[in-house]
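> mind looking at a prediction? Sequence and model below.
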Amino acid sequence: MKPSASVAATDDFLQSILALPAVPRQPNTHIVDQLYTTLVDSNAYDETKRLWSGFPVDDRDENDNDTKNDNGEENDNSEEDDSSENNNGEENNNGEENNKTVEDVFRGPFVAAASAINQACRHLDHFPVQLWSSWIDKHSTAPASRDDDIPELLPGIFAVLGTEKEHQEWESEAALNLGAASEAGSVTPTEVKANQEKGVARAHWLRVHVPVEIKSDNGDITPAVGRLCRMMRQIFREQVDRRFVLGLVFCKSELSVWLCDRLGLLGTQTPFNIHEEPKKFIQIVAALALLNPERLGWDTSMRLYRPSSPTAPFVHSYDRSVRFEHFHSTLDETHWAIDMPSRDGSDRETFISVHRLSMARSEVMHGRATIVWEVVRHNDIGGNSNGNIQRYVLKQGWRAMGMHKEAKFYDRLPSGDDHVGANVGKLYSSEDVEIAKGVRDTTSWIRHKLTTTPLCVPGYDATAEEAVDVQSASGITTESTPLTDTKAPPRVLSRLLMETYGWPIKFFKDIPELLRVIRDALRGHQDLYYKAGVLHRDISIGNILICPEDDVGKKTHGRIIDLDYAKLTDKYIDPVRSLPREEWDERMESKYTILNADLKVDVRCHVEEAAFSELYNRFKGRKPGALLDYVDEVIRYKGLPTGTLESVRTLTCDDLDIYPETEPRPDFSGHDPWAASRIATLPFASAEILTDTPYITMWNYKSVSHNSIHDVEALFWVTQYLCLTCDGPGGSRRNELLGDNLRGAPESLERIVFCFFESTANVHANNRQIFFSKKTLESIIMPQFHPYFDSLKPLMAEWWRLLRTAYMFPPAPAMHRHVIAAVEKTLREIEGTLPSTLHEATEAELARRKGDLARAQEFRLWAQQSLTTGSAAL
């Protein structure tokens, strides 16, 4: 397995990440020394025995005490051994104690020791506690997620936010909150009680400060670290205002510290014995209380929004005044206040999250961990409650340093022309997030540039972490191309605020809308490519939006978004002027004569002068016969009628798919296709990019440079996927492909969907195959389209032909225009045959859109009501 974590020298780790200062005005006295004295005086730590209170003595001491008396003589313990049973062979009152696991023996003493250190910190004179927390043992209660699809995890020990009393009040409030919600519905008392218990368990994830994994022996700790990683991942998922998470692994007497940020997992190289080195233990627990929240993993740029508290509407989630109701019932509906630059960058504005739109990657421990919210401007909430409120989309993720900021790609579109970029997402503002008065990256600020050594941890794999979950967009879960460089660059938290709001393309309401959105996505891609020198490189279902133009979502247009993995160039290739006949030289005249002579014999055709002049420029310098091969290819696969013995047919520019080049073409040659951590969403990626091997090898290219044709191909696969897996409008997956129905699905449909889209190992080979066989497309794939998409089969066949021809005879400078023309032709044909009544699924999708678009206004009314009544209840 590829190394998926790393470790640093224990002392270096503690003195960098969990460093505590000296006592003010006493430079030779350290906080840890003060705490140590307090703990010895209170008998929490026995300095003579070198043992924390409540812990059993080690194995060596136990054996000595069992076999010798105070005089060093051996004891006869046979009578004592028999005392565990009475004369009837029954267990005595210690039976319950004897049934404890080895882990149980250490949980209580560990919590007591950590709590004693925590309590001592609260009484320090010069160092106020920054993060109030308490240590609890909850190994018998599974802390469920607030999302039902997340499996329950069972950590033994937590450090949770708040004092012991505050934590008990938090649990009680959670039980009452969810219990009351249950009583409002038609549920039984038993179900109400179950929901109350579940509410208590769920509340834990919101308050976990540090998870602890307990292990019964001092052997290999990597399995325990793997279990700790799963807990850390869940914390990332539940607590979206965490930049990193700290955790502990305790093995009988030895402790190691682990940190997980978006660069992966980092731990202390050598566990230490908490009894032999008590000051290290004190330092760790004290640091978890005394360091500033941002040094302990919290994102202080995010605050909870609670309009019911008008004097303090914004508060950090770790504040002691926070209540369970401020998080609302689900992760999606929790409202956060986030400041962003104004449009011109001259000021800062506060935006409030209305709804979380995407969280598919929020728990990723090695990657971007992207989260997307629907937000509104805070200043707009108090406006006219009857008027519409402007919605925005806020996206945050951990960008690898060295990669361009996403905003840079949007900014390259020329301003002043309303038509250019009309089908590209519209940027409002962006920034790299500042923490503690500066932009802080994972390597320098979180990890303090520690020297590390790779470590393999079962249950945590960097390749898997870099995978992309596209469940919310396409209904399947798959992987993207993994990071290929094991030396990952530092990451910084970036935010992007967009004015563009919409729904992924799979939520189309009818075929005409689907075609218009495909066309608009091609137009947007074309504008980025030609006008900005930007290549998208990540076409997928989630990156093509249906954008509403009214309040109910009936009138829409398409936009292309998400330029995280785009590349750019300032190099352009000027178009070559097509020469009129009077400017041809002898060589050109000769080739024209030879070409038409061959075509007249073979297919009774003749290429017109304008078409030949364009083709001559395109194939100049190519192998002999390339131009003739191209004409033959177009005639064959386009199905052009040929001439007769009596009449030779003239082939025009339209016949031969020729659009004269009128503007410079971006030059991406020489760009390394593996330069970024991810270059495509796997189900829709071109096999050329996945394998760095051309489909057609006749041109002897040494490598593949990601270009516009690969993105046009990706959109082809997106459309194919929708036709195969959707049961009509609205994005619902075909019943044949759901759950248990898979076994009863037509074998060919199931095989096609798996092989072309859901088989991560072979998708590139299957995609490659289709460009060599028209039969594969027309006889195997298209017959499995859902009947609703039958009208798109001619378009998909033409799209395939255009791609095949472009790959066989690169470059394809007019690829966008060819496919756009094919889509518009299909759109015109379909719009004339639409039924007079709406499809049932179309009506359902329009109803969904109406409710979705009303959400921001409903949120405004709730916020205004909360401000008036002082209640946060929804």
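Yep, that arrived.
> going forward, measure contacts between C-alpha atoms and count neighbours the same way
Fine.
> ok, the closest residue to D241 other than its chain neighbours to S748 distance?
Leaving out its chain neighbours, the residue that sits closest to D241 by CA to CA, 6 or more residues apart in numbering is D299, at 5.0 Å. For D299, the distance to S748 equals 49 Å [CA to CA, to the nearest Å].
> the two: which is more packed in?
D299 (21 against 13; other CA atoms under 10 Å).
> the longest helix in this protein is where?
helix 511-532 (DSSP state H).
> show the subsequent helix or strand relative to the lowest-mean-pLDDT helix or strand in the chain.
Least confident element among the helices and strands of the chain, by mean pLDDT, DSSP states H and E: helix 471-474 (a mean of 29). On the C-terminal side of helix 471-474, the nearest following helix or strand under DSSP states H and E is strand 491-498.
> list the helices and strands that following strand packs on?
Judged by 3 or more CA pairs under 8 Å, 6 or more residues apart in numbering; DSSP states H and E, the packing partners of strand 491-498 are strand 391-400, strand 427-432.
> buried residues in whichever helix or strand comes after the shortest one?
When you say that, I think you mean strand 427-432. Proceeding N to C from strand 427-432, the next assigned helix or strand is strand 453-455, under DSSP H and E. For strand 453-455, burial by neighbour count (16 or more other CA atoms under 10 Å) applies to L455.
> so what strands line up beside strand 453-455?
Strand 453-455 has its sheet partners listed here by DSSP bridges as strand 5-8 (antiparallel).
> and the partner strand, average pLDDT?
Here strand 5-8 scores 92 as its mean pLDDT.
> excluding chain neighbours, what is closest to the residue most central in space within the chain?
The residue lying closest to the centre of the chain (CA atoms, centre = their mean) is R361, at 2.6 Å. Computed as CA to CA, 6+ apart, the closest residue to R361 that is not its neighbour in sequence is A369, at 4.8 Å.
> for the one you found, what are its contacts?
A369 makes contacts with 262, 361-363, 397-398, as judged by CA atoms under 8 Å, 6 or more residues apart in numbering.
> what about the nearest residue to F327 once chain neighbours are set aside, distance to E363?
Of all residues not flanking F327 in the chain, T334 sits nearest, at 4.9 Å (CA to CA, 6+ apart). Noted for T334: a distance of 17 Å to E363, by CA to CA.
> the residue nearest to D241 reaches Q239, doesn't it?
No - using CA atoms under 8 Å, D299 makes no contact with Q239, being 10.0 Å away.
> make sure D11 is indeed in a helix.
Yes - counting by DSSP: H, G, I helix; E, B strand; the rest coil, D11 is part of a helix.
> all further residue positions should be reported with the first residue as 488.
Right, with 488 as the first residue, what we last looked at is D498.
> and the gap between it and D904?
Using CA to CA, we find D498 at a distance of 59 Å from D904.
> the more surrounded of these two?
Neighbour comparison, D498 and D904: the larger count goes to D498, with 12 against 9 (by other CA under 10 Å).
> give me the pLDDT value at the more buried one.
On pLDDT, D498 comes in at 97.
> please name the residues that touch it.
Contacts of D498 (CA under 8 Å, 6+ apart): none.
> at 10 Å what do you get?
Residues counted as contacts of D498 (CA atoms under 10 Å, 6 or more residues apart in numbering) are 755-757, 767.
> out of the residues you listed, which are buried?
For those, a burial check counting by 16+ other CA under 10 Å picks out 755-756, 767.
> between those residues, which is closest to I1005?
T755 (51.3 Å; CA to CA).
> quick check: bridge partners of that closest one?
Under the criterion DSSP bridges, T755 forms beta bridges with A495.
> pretty sure it contacts T497?
Yes - assessed by CA atoms under 10 Å, T755 is found in contact with T497 at 4.6 Å.
> spit out the residues that contact those two alike.
In contact with both T755 and T497: 743-744, using CA under 10 Å, 6+ apart.
> so which elements touch the longest helix of the chain?
Other elements packing on helix 998-1019 under the criterion 3 or more CA pairs under 10 Å, 6 or more residues apart in numbering; DSSP states H and E are helix 893-898, strand 1021-1022, strand 1031-1035, strand 1043-1047, strand 1054-1055, strand 1152-1153, helix 1195-1212, helix 1302-1318.
> kindly recompute the last result at 6 Å.
The contact analysis (3 or more CA pairs under 6 Å, 6 or more residues apart in numbering; DSSP states H and E) places helix 998-1019 against strand 1043-1047.
> what mean pLDDT does the strand it packs on have?
Computed over strand 1043-1047, the mean pLDDT rounds to 97.
> what angle do helix 998-1019 and that strand make with each other?
Orientation check (axes from the mean of the first three to the mean of the last three CA atoms, to 10 degrees): strand 1043-1047 against helix 998-1019 gives 40 degrees.
> what's the burial count for A509?
By the measure other CA under 10 Å, the count of residues near A509 is 14.
> same check, this time on V1088
11.
> doesn't it belong to a helix?
Yes - counting by three-state DSSP, V1088 is part of a helix.
> picking that back up, please identify the most buried of the helices and strands packed on strand 978-985.
strand 878-887 (a mean of 23; mean count of other CA atoms under 10 Å).
> and the contacts of that one?
With CA atoms under 6 Å, 6 or more residues apart in numbering as the test, strand 878-887 has contacts from 855-863, 976-986.
> try 8 Å
749, 854-864, 892, 976-988, 1343.
> could you do stretch 915-924 as well?
Against stretch 915-924 from outside (CA under 8 Å, 6+ apart): 781, 786-788, 827-832, 894, 926-927, 979-986.
> related to what we said a few turns ago, select only the buried ones of the contacts of strand 878-887 in PyMOL?
Applied in PyMOL, the following selects the buried portion of those according to 16+ other CA under 10 Å:
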select buried, resi 749+854+855+856+857+858+859+860+861+862+863+864+892+976+977+978+979+980+981+982+983+984+985+987+988+1343
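> list the beta-bridge partners for T1137.
Bridge pairing for T1137 - DSSP bridges - gives H1093.
> pretty sure it contacts H1093?
Yes - applying CA under 8 Å, one finds T1137 in contact with H1093, separated by 4.7 Å.
> of these two, who's got more company?
When T1137 and H1093 are compared for neighbours, H1093 comes out ahead with 22 against 15, by other CA under 10 Å.
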